[in-house]
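# any chance you can model this:
(one chain, ligands or ions: 1)
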Amino acid sequence: MNFFHNYKFVETHGCASLHYFNNMKTTKKRLLRAGNMLNPTPVVMVSCGSTLEEYNIITIAWTGTIGSDPATCYISVRPSRHSYDIIKRNGCFVINLVNKELAPIADWCGVKSGKDYHKFLETGLTPIHAQQVDAPMIEEAPVNIECKVTQIIPMGSHDMFIAEVVAVHAQEALFNRKTDALELQRANLVTYSHGHYYDLGKMFGKFGFSVEKKK
Ligand SMILES: Cc1cc2nc3c(=O)[nH]c(=O)nc-3n(C[C@H](O)[C@H](O)[C@H](O)COP(=O)(O)O)c2cc1C
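Okay, here's the model as predicted:
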């Protein structure tokens, strides 16, 4: 299996062998500042707060999955954010996935601070009691992920909140009526890349498609 059989060096040297790497060249790419370039990232609305007055929403792109058993994820938050102290004090938060419809609100929650606005009141989003944590979920979001903070790791500009996923909620409309399978592709989720929001475009393969036997 060689996915790059059209590449010149394989054409001239024949089939693959480590020997062909002996004359490795230097890259022709431009060297950039060693900054964050891991793209695309998720973009989510993180809700937090234990009282109606305290409820807040922060938009987060620096988030990700860590492990599956226990289900573990992280969010990286600058200590200057209004949400930072709330999440630290309560030890929990909810990750709300963002679809295209919610993207303008997510962007707004990412440029305005809870110091100046009550973001639920301003946006009209509906806070719902979470089941396992002391934080609101956003009813309009297609999926809510309840998280309990297990570690806070200072990482310089941001602190990394590592959290265990303790409950997940998904809109009924996302389930196949016949099979009851979750069809997340129906959620119209958005992603974030180098300062821009995108929808997910067309599905072109599934897990393991590279080794699947063609019918
Ligand atoms: C797309 C996007 C992604 C963002 N990602 C992060 C992030 O990962 N961590 C962070 O601390 N701030 C991030 N921000 C900035 C905060 O969302 C923003 O400062 C917000 O106003 C903080 O709200 P708060 O002060 O009410 O907590 C992001 C903003 C946007 C628009």
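# residue 23 should be in a strand, yeah?
No - secondary structure assignment (DSSP: H, G, I helix; E, B strand; the rest coil) places residue 23 in coil, not in a strand.
# what is the neighbour count of it?
By other Cβ atoms under 10 Å, the residues close to residue 23 number 8. No exception for glycine: its C-beta is placed from N, CA and C like everyone else's.
# swap in residue 85?
Neighbourhood size, residue 85 [other Cβ under 10 Å]: 13.
# looks to me like it is in a helix.
Yes - counting by three-state DSSP, residue 85 is part of a helix.
# quick one, helices of this structure?
Counting by DSSP state H, the segments of the chain that form helices are 8-13, 82-90, 103-109, 119-123.
# list the buried residues in the longest one.
It refers to helix 82-90. Judged by neighbour count using 16 or more other Cβ atoms under 10 Å, the buried positions of helix 82-90 are 82-84, 86-87, 90.
# tabulate these (JSON lines), appending pLDDT and distance to the ligand.
Listed next are those as JSON lines, based on pLDDT from 0 to 100; distance: Cβ to the nearest ligand atom, whole Å:
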{"residue": "82", "pLDDT": "98", "distance to the ligand": "3"}
{"residue": "83", "pLDDT": "98", "distance to the ligand": "3"}
{"residue": "84", "pLDDT": "98", "distance to the ligand": "7"}
{"residue": "86", "pLDDT": "98", "distance to the ligand": "8"}
{"residue": "87", "pLDDT": "98", "distance to the ligand": "9"}
{"residue": "90", "pLDDT": "98", "distance to the ligand": "13"}
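# looking at the helices of the chain, which has the lowest confidence?
For the helices of the chain, the stretch scoring lowest in mean pLDDT is helix 8-13; its value is a mean of 54.
# show me the shaky parts of this structure.
Applying pLDDT under 70 to the chain flags residues 1, 4-16.
# for the ligand, what's the nearest residue on it?
Nearest residue of the chain to the ligand: residue 110, at 2.5 Å (Cβ to the nearest ligand atom).
# that residue: neighbouring residues, count only.
Using other Cβ under 10 Å: residue 110 sits among 16 other residues.
# and it, what does it touch?
58-59 (Cβ atoms under 8 Å, 6 or more residues apart in numbering).
# repeat for residue 144
Counting by Cβ under 8 Å, 6+ apart, residue 144 touches 94-97, 128, 130, 137-138, 168-169.
# quick one, which of these are buried?
Buried members of the contacts of residue 144, counted by 16+ other Cβ under 10 Å: 94-97, 128, 130, 137-138, 169.
# which residues of the protein lie near the ligand?
Within the chain, the positions near the ligand by Cβ under 6 Å from any ligand atom are 43, 56, 58-62, 76-78, 81-83, 107, 110-115, 158, 192.
# if we ignore the residues flanking it in sequence, what's nearest residue 43?
Computed as Cβ to Cβ, 6 or more residues apart in numbering, the closest residue to residue 43 that is not its neighbour in sequence is residue 192, at 3.9 Å.
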